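Trainee: sequence below, structure please.
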Amino acid sequence: MKQILKSITAAFLLLPTTVYSQNPVVQTSCTPDPAPMVHNNTMYMYTGVDEDNSDWFYMNKWKVFSTTDMVNWTDHGVQITLDSFEWADDRAWAAQCIERNGKFYWYVCCKSKLSNTMALGVAVSSSPTGPFKDALGKPLIEGSWDYIDPTAFIDDDGQAYLYWGNPNVYCALLNDDMLSIKGDVIKLEQCEDSFGAPGPDKRVKEKAYKDCYTEGPWLNKKDGKYYLLYAAGGVPEQISYSMSDSPTGPWKYMGNIMPLQQTNSFTNHCGVADYKGNSYFFYHTGMLPGGGGFNRSSAIEQFVYNADGTFPIINMTEKGVEPVGTINPYKKNEAETIAFSEFIKSDQNSKTGVYVCAMRDSAYIKVREVDFGKKSPKKVYGTFAGAIHNAVVEVRIDSMQGDVIALFDVTSTGGWENWKESKSNLLRNVTGVHDLYFVFRGPGNCRLINFDSWRFAR
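Mentor: Numbers count the residues shown, from 1 in each chain. Sure, this is the predicted structure:
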């Protein structure tokens with residue numbers, strides 16, 4: 001133990017400064033096109049996945065995350081891929097999941113082998129975190145390159161709607177089975193009053209329009225008013241919206257929600273949801289290290305509607321949202337439940353599920369709002385796996401420079417997925433609510449250790 005403490009002291013000055021950022025909300029992978037959904041007092045977020053170091057929209061899978069406090073997000077891993085749809089072979093782009101009668105319908109877009117164009121498909125599950133499977137064995141609808149970015153909405157009377165499209169915008173009613181179109185697909189007539197500009201085929205090249213619909217629609221309702229949010233203005237994209245008294249229009253252009261700003265991404269894609277009495281705006285940026293226009297990540301801002309029901313201007317922040325709950329440290333907590341991290345990647349397999357990998361010395365995980373209560377725990381348990389290196393895991397509170405309350409001296413377990421539970425006695429008493437940091441120390445800038453779960457005990 002003395003040698004471990006000596007190593008920590010030597011490494012202390014190399015630790016990063018305390019991180020107060022909350023955006024982007026996931027740092028272990030790139031998560032574009034966030035689509036929120038609230039179910040059973042939990043906020044879920046469905047995203048695409050940009051491959052690391054991409055130079056185009058190379059996307060072949062979708063992921064699910066959840067939270068009950070809006071700051072700690074649990075990674076439920078990849079739940080559907082292009083391989084989930086035998087008819088699809090490319091471009092796993094923006095998608096959205098909604099619930100109806102205990103079933104969860106995940107509407108996706110991808111390139112169809114059948115028509116050699118973009119298509120909309122749907123996967124279904126009895127759980128918001130899967131497993132999902134192709135509900136139809138074929139596209140829900142296909143036949144055009146602008147069939148992308150579906151958004152689904154169920155009105156108070158039970159009628160479901162689907163919007164999609166770039167640069168045109170389409171609308172269709174869904175039958176009660178959520179798996180078939182009712183009636184004809186409607187191509188909306190765009191004009192300056194409805195979307196800030198006419199449709200792409202009627203725009204005058206030399207004319208400056210106040211805005212224009214581009215892609216990524218999001219349909220929702222509040223207090224009897226219908227909102228259609230969308231990426232707008234061409235490239236780079238801002239977020240604008242239109243309002244209506246009907247889910248199918250006519251629409252009235254209302255202006256910007258998120259104007260152009262330094263997001264480090266030339267696209268944007270939004271979603272809106274209310275949760276625990278607050279309203280949240282989801283979008284994506286390229287603000288992670290190595291991020292950019294093809295490496296985008298989900299971010300969230302809390303907002304309040306204007307008194308007349310219109311949207312305020314919402315700007316990007318690093319801070320993000322405030323917590324609306326706490327973490328219980330005395331139950332098993334998944335290591336992939338994270339508020340913020342650096343040099344951490346997520347992985348998964350069929351036996352373990354999702355876990356995280358510390359990819360170098362000084363990698364860390366931050367968990368916010370951990371409530372230890374009035375009586376201090378005495379021990380902490382962690383489940384780790386490692387194939388090569390021994391590592392030290394520091395458990396700190398409140399900051400990267402905060403007190404070390406426990407230490408794990410983890411030796412190689414003989415394999416990256418050969419899990420072993422370790423125990424550490426607490427070095428000092430801890431009560432009340434704290435942020436918790438797991439800091440990984442080891443040799444070099446290489447993969448050190450895998451981490452699956454943790455729990456404290458009195």
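Trainee: quick one: low-confidence parts of the protein?
Mentor: Across the chain, the stretches falling below the confidence threshold (pLDDT under 70) are 1-20.
Trainee: all helices for it, in order.
Mentor: Applying DSSP state H to the chain gives helices spanning 2-11, 192-195.
Trainee: which other helices and strands contact the last one?
Mentor: If I follow you right, that is helix 192-195. Packing partners of helix 192-195 (3 or more Cβ pairs under 8 Å, 6 or more residues apart in numbering; DSSP states H and E): strand 252-258. From N, CA and C alone the C-beta is placed, and that goes for glycine too.
Trainee: so which bits of the strand it packs on are buried?
Mentor: Neighbour-count burial for strand 252-258 flags 253, 254, 256, 257, 258 (criterion: 16 or more other Cβ atoms under 10 Å).
Trainee: now distance to residue 147 too, for these, in JSON lines please.
Mentor: JSON lines is the format used below for the buried residues of strand 252-258 (distance: Cβ to Cβ, whole Å):
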{"residue": "253", "distance to residue 147": "24"}
{"residue": "254", "distance to residue 147": "26"}
{"residue": "256", "distance to residue 147": "26"}
{"residue": "257", "distance to residue 147": "25"}
{"residue": "258", "distance to residue 147": "25"}
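Trainee: show me the chain divided up by domain.
Mentor: Here the chain is described, according to automatic domain parsing, as comprising the domains 2-17+326-457, 35-303.
Trainee: closest one to residue 25 among the ones you listed?
Mentor: Judged by Cβ to Cβ, the one of the domains of the chain that comes nearest to residue 25 is domain 35-303, at 5.5 Å.
Trainee: please, where are all the strands along the stretch 351-458 of the chain?
Mentor: Defined through DSSP state E, counting those that start in this stretch, the strands belonging to the stretch 351-458 of the chain, from first to last, are 353-358, 363-371, 379-386, 391-397, 404-410, 415-425, 433-441, 449-457.
Trainee: mind putting the ones you listed in JSON lines, distance to residue 271 and mean neighbour count included?
Mentor: Written out in JSON lines, the entries for the strands of the stretch 351-458 of the chain read as follows (distance: least, Cβ to Cβ, whole Å; neighbours: other Cβ atoms under 10 Å):
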{"stretch": "strand 353-358", "distance to residue 271": "22", "mean neighbour count": "22"}
{"stretch": "strand 363-371", "distance to residue 271": "22", "mean neighbour count": "21"}
{"stretch": "strand 379-386", "distance to residue 271": "34", "mean neighbour count": "21"}
{"stretch": "strand 391-397", "distance to residue 271": "34", "mean neighbour count": "22"}
{"stretch": "strand 404-410", "distance to residue 271": "38", "mean neighbour count": "20"}
{"stretch": "strand 415-425", "distance to residue 271": "34", "mean neighbour count": "14"}
{"stretch": "strand 433-441", "distance to residue 271": "27", "mean neighbour count": "22"}
{"stretch": "strand 449-457", "distance to residue 271": "30", "mean neighbour count": "22"}
